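Undergrad: Fold the following.
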Amino acid sequence: MAAMTKLDEIALNIELVLISIIEGVALTKLAENAVPLLRSTDSLQYLPYILAGLAFLLVFWAQAILHAVSFIRWPLRMEHMLLYFVAGFLQVVAYSNISNITVWFFWWTVFSLLTLFIYYVDLKIIRDTAASFAAKSGGTEFIREVERRHINEMKYLVPSALVFNIVAFSLTYFAPSLFVNPLPYSILGILQLLISLGALIDCVRNFRGRSGLLFSLFSS
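TA: Next up, the predicted model:
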């Protein structure tokens, strides 16, 4: 069984379209709220947060696409798809509060918790689909590598983002006077941007490697 079945293709296509539409809506909301800030006299202090928001969106989109092409097969998991709507909603709410960093970090904390939950759901899907991959030449090795990488991200990448957002929210909530000054205000945004860029670079590298494995798996 070298090729995907028709039902597998339908499930994958639905997932890809859903992810792209939801993230497209989130991107629109980010742009709508970024334009007025970039025109303001304080645009430089907001710029790191705008770029961090864009990087987070790209990371989430790329990771969701990578997960979909790697292990989303028939049957469709409705609960899994519904989580993308929740994720999109949280992104829109966060982008609507980009100029209020306390609220901004609160919603990114909630988003990180949801992302961690999505990873647990995806892990179950990976293990449920292991049998179907075992029927393909090299399929067992592929799904083991996918699971290894997935667990690594679930243990380190997502929790790191969660901890950062909790700390940032706590600082801005309990010491708001500290961030009246543009310098610490900007520094916190720059740190968030650097973390998100690091995650994006890692995601791009993983995407390239995974694409080669998928090509070998389904062309054999």
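Undergrad: Nearest residue to residue 204 in space, please, no chain neighbours.
TA: Closest residue to residue 204 apart from its sequence neighbours, by C-beta to C-beta, 6 or more residues apart in numbering: residue 62 at 7.1 Å. Placement of C-beta: from N, CA and C, glycine included.
Undergrad: which residues does that neighbour contact?
TA: Applying C-beta atoms under 8 Å, 6 or more residues apart in numbering to residue 62 gives the contacts 200, 203, 204, 207.
Undergrad: what about the second one, neighbour count?
TA: Burial measure for residue 203: 20 neighbouring residues, criterion other C-beta atoms under 10 Å.
Undergrad: Can you tell me how far it is from residue 79?
TA: Here the criterion is C-beta to C-beta, to the nearest Å. By it, residue 203 lies 24 Å from residue 79.
Undergrad: any idea which helix or strand carries the closest residue in space to residue 118 that isn't next to it in sequence?
TA: Closest residue in space to residue 118, ignoring its immediate chain neighbours: residue 83 at 5.3 Å, by C-beta to C-beta, 6+ apart. Under the criterion of DSSP states H and E, residue 83 resides in helix 78-95.
Undergrad: Tell me where this structure has helices.
TA: Ranges of helices in the chain, per DSSP state H, are 6-39, 43-71, 78-95, 101-134, 139-152, 158-174, 182-219.
Undergrad: Flag every buried residue along the fifth one.
TA: Buried residues in helix 139-152, counted by 16 or more other C-beta atoms under 10 Å: 139, 142, 143, 146, 147, 150.
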